[in-house]
Every structure is written in C-alpha cells, then in structure tokens.
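K.L.:
Show me how the following folds:
(chains A, B, C and D)
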There are 2 protein chains.
Amino acid sequence: MPTIIDVAKRAGVSPSTVSRALSGRAPVKFETKQRIMEAIKELDFKPNILAKGLKEGKTNTVGLIIPNICNPLFPAIAKGVEDEARKNGYTVFLCNTDENLSIEMDYVEKLKERWVDGLIFATVKDRYDHIEDLEKSRFPVVLLVRKYPNALHSVTLDNYEGAKMAVEYLWQRGHRRIWFLCGDTRLSLYSDRLSGYLDAVKQRGIDCNCGRAIENINTMEEAEKTLYSLLDGDRPDAIFAASDPMAIAAMRAVKSRGFRVPEDISIMGFDDLDMAAYVDPPLTTVSQPVREMGAEAFSMLLKLINRESVRPRVIKPELVIRKSVR
Amino acid sequence: MPTIIDVAKRAGVSPSTVSRALSGRAPVKFETKQRIMEAIKELDFKPNILAKGLKEGKTNTVGLIIPNICNPLFPAIAKGVEDEARKNGYTVFLCNTDENLSIEMDYVEKLKERWVDGLIFATVKDRYDHIEDLEKSRFPVVLLVRKYPNALHSVTLDNYEGAKMAVEYLWQRGHRRIWFLCGDTRLSLYSDRLSGYLDAVKQRGIDCNCGRAIENINTMEEAEKTLYSLLDGDRPDAIFAASDPMAIAAMRAVKSRGFRVPEDISIMGFDDLDMAAYVDPPLTTVSQPVREMGAEAFSMLLKLINRESVRPRVIKPELVIRKSVR
DNA sequence: CTGAAAGCGCTTACAG
DNA sequence: CTGAAAGCGCTTACAG
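P.N.:
Below you'll find the predicted structure:
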C-alpha cells in the first residue's frame, strides 16, 4: 500500500504539501496540486483512515444500535440512517443487541474504542443510565423511535396521537367495543399508545367494559394465544393492535375462532411495516415513517458532531387505510 | 482519555511493559502485571484501537455486504454473522447496497480504507470481477448465499436439490400441473432452483405443457400481476415459487382469481423466512437455514484471516411442511 | 505557498 | 523480565 510519502516523492514535494492538497485546509499552488493528484492516481493511493483518525480524533463512522434486526421495523430504520450517512461520507456500524442490556453496553464500549463520532440508539427498555452518561459527557447521541423520558436529542413518533387517531377512525366506522392489544409498557412508545387509546375511548364515552386493554404482550405467539382464549365467548367489534406483527397475530386468532376479518371483527395495526400490505386482508394501520425518521436521526447526529444546536423532533403519524377495517 | 503512558506512570513502569502485560506476547513479572492491571482499572484505561490497528495492520472488524436489508432474508443472515463475530471478538460493518453495483464497489473501497480484516458478500448479480480481484490478491473473502461460478470460498445452499425436493413432494401429494415462479436467473441460486425444477419435472415425465416456468420475476408486484393474468383461463394444480415473498404474491393472485389455497391450488415457497409461518394459510416451503449459514460464513472468514485452509460449504435444504399444500 | 519537525497512541526489535 | 528508541501513516503548528 502506497503512503503519503510515496506520493510526495513521486510528485517531488513534501508529505505536508500532499496532506494539504488532499484536505484543502491550506492553499496549495495549482500546478503543485495537479502533480500531486497525478501521483495519487498513478499509485492508486488511499489515505490510511486509521492514521488519519489517530491524528484528528475523528473517524467518519457512527454506530447504530438496534434491539432486533429480525423485527422488520429495524432494518427499515437502518436503511434510513445508512442512506443519509452515505450521502454525508459516513459509514455506519450496525449493532444488534437482542434486547440484551449487557450486549448493548458491550457494543457501546467497543464503538467508543473504535472512535465512532456519534451513536444512534433505537433500543431503550428499562435501563438507560449508560446513555444518559454519554449525553452528559457531551458525546453525540440521538435516540431514535424509542427514547427515555428526559432524552436530550431524539426523533420519535407522536405515538399518543397515533393511537388516538386509530380509535377515532374505528369509532367513525361504527365500532364501539374496541379492544387494545399492547406491548411492553416499559417502552414509552407503548405506554404512549396505551394512553392515546385510553383517552380516546374515554372521550367518546365508551363504556369501560367495552374498552379492553391487553397489556405487555411481547411476542406474536403470546398475542395469538392470549387473544384466542379471550375470544372464547366474548367478542369485540374491533381489535386495535399496538404493532403490525401483533395485528397479524390477532388476525390468526380471530380466524381460528371462525370469525371473518373484517366482516365479524375489524383489525387495525400500528407502524405500517412492509408486511402490512401483504397480509390477507391488507392491514389498515397507522404509519410510522421509519426511513425518514432514520434519515432525520442521522442529520441530527451530524449536527451534534459538528457542535451545532439541535431540538427534539416529534413526527406526526398518518392513517393508512386498507381492508382490515369494515 | 488515559493513554498507555498514563498507565505506565501510575504503575511505575515503561509503556513497553504495559503493552506486554496487555498482549501477553512476552513475559512480565507477576507483581508488575498486577500493579499494571490495578492502574488500568483505576484510570479506566481503554487501548486506542486506531493506534493499535495502525501498528498491527489488523482491526478485528469485518465487512458484511448485503443487497437489500428490507428483504427479511438478509437481516437473518446478518444476525448469524454478527453473533458469531461477537463470540470471536470481532465487530461487523453491515453495508446495504440496494443491488447497486457502484454502491457496492464504493463500500469495498471504504471498508478496505478502514482496514477491515475480511469481507463477506451476499450480493452478486451479474458483475463480480471486483470480488475476484480481492480473492486473487489473497484478501480474505467469503461468498454467502449468493456466489459467482468459480468463487473460491463460499457458503451456499444446495438450491438444485431443494427445488427437486419441492417438486417431488408436490408430485407425491398428487399434483401434476406444477408451475414454477422464478427470480432473476442471473443469480445462480435462481438458475439452480430452475434446473432442479426442470429436471424433477422431466424425471417424473410431466408433460411439458403442464410444467410451466415463469422466469425473471423481480418484485412481489410483478409476481402477482404476471400470475394473475396467466391464471385467466388456465389453472395449475400447484404453484412452486422460488422464494417465500413470491409465494405470498402468488397467494394473493390466486385468491383474487377466486381460487382457494390449498383446496383449488397448492402453493409452495422457498427459504422459510419468518413470515412464511404467519401468512394465511401458513406456507409450506423449503428451508434455507440462513442464520447457521451466516455463522458458518464468519467461521470460514476467520480461518482465512488466520491463513488457514478452507473448503466451500454446501448446505442441505429441508422441507418445511405447513398448510399451503393439500 | 512550502518544508522540517513533532506528535497522535500504540507495538516491537534491540539491549541489557 | 524491563526500558529506550524507532516507527506505523497521517496532520499541523512553526518558520520561512
């Protein structure tokens, strides 16, 4: 591998001048620069990023920490972040924690050792002091999709509003007994969706017996089983699930009980994952534009890296109407 | 950030000794080592990987290049690779190319600039000279899932056998008119699946008019549309799709034509993605154990990095029987 | 506009 | 078993 010294020799200048020609941070005579560029071409010289990083304390890499790459929400997020990063000359380390705190802390250590310039987290459950510590030490950090209560820099959805919109829509379509299938409420995104549901139900004066919130469901299997047994005897007009996978599980439970979707029971999801359009019937849901949010999170991180000021962003959800609500 | 010099001062030794204590590559007196370890604890010293990499020419990172992170096959692959990498103290750069060759070449450059120790590719379509060049220069490279004809090091599925098994199974279940919905045959995985189908059909003496191969379908939309129009008038006993997403698209087309799955037309997929279990009816398919394959690919790469010898691995597929075949 | 020198934080022959 | 010195490949004051 040729070094900057080889280039310098070939161009008949000093390494300093080559460095300056490359960085553009100091003036270099036009002809000199041309000779240098030629030498670089001829030698196929690539600057050594390690040496550069060592000197500059900057590596043009960021870390993205996600809890579960097999949940299709997170690849979509990753794509948003990565595309925006590439546009800006950054490379991203994608790290998957399996919702495991010790793996997460491990990654944070490793990424810092590798001198990433900043970190994007999409992965807070019940512990977040390690993230708070980072924010306090002024290390560039952005919370994406999932956040903790007092996070400084974040890009999140207005989950409360999204859930309200959904219930409101179901109400307008004539549904009265609306059940809610909810995920782990230690995640603020789920507790917010729950509050949205609860408030909407209350506002519409729906009888409490009709508004049924099934909380802390974690897997599709769990959702399907729980719902299947609840559906024994009792029957709602609609089931609103706090995520698309849960909505799909709900569909299965409803169908196994011999009910039709949406004729007997309407089903509504949340997030608008790719799969939502491909289930049968296609799922009516609330969109969380994760690609855009990922791009936004990277832009925010870049500002933090450049020591610019930044304010939290709360994205507005939208209704995506398909065929699972009658 | 404390450096090795700070540690040395605190422990009353030279930086060289600290380095040796840390690497274990040379003997250090027991008490000295203890003092050093104490100092490291007290200062919370983390070695600077950039400096280390600069000296050693090794970074304990590898790159994983995938074509489309939103296709659920690839996150599963990534998980397999990443888990195995973590076990071995490696971190992976996950790079998504959107099936775009120039993005791919760009990433290869960037990753080499960042001194990754090796590269895993799951992403060959029609051009692969850049990968051949890497292999020729003895840079550690493993081809995963997708490979080019003479790839030196690869982990792939026996796609030919998988397709044959599927047709054989359909035949045994009484299906005679079996259509095949195939992806881009420039990918050897699809051309192999196609050959498997064709040979199985021929062996069973199925009349050519019955065996219908629909080639070079690229998206779910395309699959659905094409099939929908072919289903006008004509009707097979079964449709075997060369991937699960295509099978799901096929289901939609079949249902829109008013046929039932599997009563009127059986449908079979390939790959056994998570989604396969969750469609309605649950999809009978051929498994490609991508997590295991990802782990295997990393192990192979590690051997190459350590200059050990390595032979290509071809994984055996298995039938996954659910409910979409009558 | 350009060069010589020092330094980023490590590791590793070389000496003892 | 340990230390002093050189060097990995860059960048950046300092001088001119």
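K.L.:
When you work out contacts or count neighbours from here on, use the C-alpha atoms and nothing else.
P.N.:
Fine.
K.L.:
Are we agreed that A:Lys41 is in a helix?
P.N.:
Yes: counting by DSSP: H, G, I helix; E, B strand; the rest coil, A:Lys41 is located in a helix.
K.L.:
so how far is DNA strand D from A:Val116?
P.N.:
17 Å (Cα to the nearest atom of the strand, to the nearest Å).
K.L.:
can you count the residues close to that residue?
P.N.:
For A:Val116, the neighbour count with other Cα atoms under 10 Å in any protein chain shown is 22.
K.L.:
cool, and A:Arg204?
P.N.:
12.
K.L.:
how near is it to A:Leu198?
P.N.:
Counting by Cα to Cα, to the nearest Å, the gap from A:Arg204 to A:Leu198 is 10 Å.
K.L.:
Likewise for A:Arg307?
P.N.:
A:Arg307 sits 40 Å away from A:Leu198, going by Cα to Cα.
K.L.:
and those two? which has more neighbours close in?
P.N.:
A:Leu198 (21 against 11).
K.L.:
List the residues that contact the one residue sitting closest to the centre of chain A.
P.N.:
Residue closest to the mean C-alpha point of chain A, counted by Cα atoms, centre = their mean, is A:Ile77 at 4.3 Å. Taking Cα atoms under 8 Å, 6 or more residues apart in numbering or on different chains, we find A:Ile77 in contact with A:290-291, A:293-294.
K.L.:
tell me which element A:Glu135 falls in.
P.N.:
If you go by DSSP states H and E, A:Glu135 is part of helix A:129-136.
K.L.:
let me redo that: A:Thr17
P.N.:
Counting by DSSP H and E, A:Thr17 is part of helix A:15-23.
K.L.:
Flag every buried residue along that helix.
P.N.:
A:15, A:17-19, A:21-22 (16 or more other Cα atoms under 10 Å in any protein chain shown).
K.L.:
Within the helices and strands, which one has the closest residue in space to A:Tyr228 that isn't next to it in sequence?
P.N.:
Nearest non-adjacent residue to A:Tyr228, counting by Cα to Cα, 6 or more residues apart in numbering or on different chains: A:Ala253, 5.0 Å away. Using DSSP H and E, A:Ala253 sits in helix A:244-256.
K.L.:
quick one: the strands in the stretch 101-250 of chain A?
P.N.:
With strands called from DSSP state E, counting those that start in this stretch, the stretch 101-250 of chain A shows them at A:118-121, A:141-144, A:154-157, A:178-181, A:212-214, A:238-241.
K.L.:
Among the ones you listed, which comes closest to DNA strand C?
P.N.:
Nearest to DNA strand C among these is strand A:118-121; the distance by Cα to the nearest atom of the strand comes to 18.1 Å.
K.L.:
DNA strand D versus A:Ala295, what's the distance?
P.N.:
Counting by Cα to the nearest atom of the strand, the separation of A:Ala295 from DNA strand D is 27 Å.
K.L.:
cool, and A:Thr32?
P.N.:
Look at A:Thr32 and DNA strand D: by Cα to the nearest atom of the strand, they are 14 Å apart.
K.L.:
Same check on A:His153?
P.N.:
Distance from A:His153 to DNA strand D, by Cα to the nearest atom of the strand: 28 Å.
K.L.:
Per the annotation, how does chain A divide into domains?
P.N.:
As given by automatic domain parsing, the domain ranges for chain A are A:4-47, A:59-157+A:290-315, A:159-287.
K.L.:
can those go into CSV with extra columns for mean pLDDT?
P.N.:
CSV is the format used below for the domains of chain A (pLDDT from 0 to 100):
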stretch, mean pLDDT
domain A:4-47, 90
domain A:59-157+A:290-315, 91
domain A:159-287, 91
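K.L.:
would you turn those into TSV with distance to DNA strand C?
P.N.:
Output for these, formatted as TSV (distance: least, Cα to the nearest atom of the strand, whole Å):
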stretch	distance to DNA strand C
domain A:4-47	4
domain A:59-157+A:290-315	9
domain A:159-287	37
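K.L.:
ok, back up a step: show me which of the contacts of A:Ile77 is closest to DNA strand D.
P.N.:
Looking at those and their distance to DNA strand D, the nearest is A:Gly294, at 29.4 Å (Cα to the nearest atom of the strand).
K.L.:
Enumerate the residues of the stretch 51-200 of chain A near chain B.
P.N.:
A:51, A:53-54, A:69-70, A:72, A:75-76, A:79, A:82, A:92-96, A:113-115 (Cα under 8 Å from any Cα of the partner chain).
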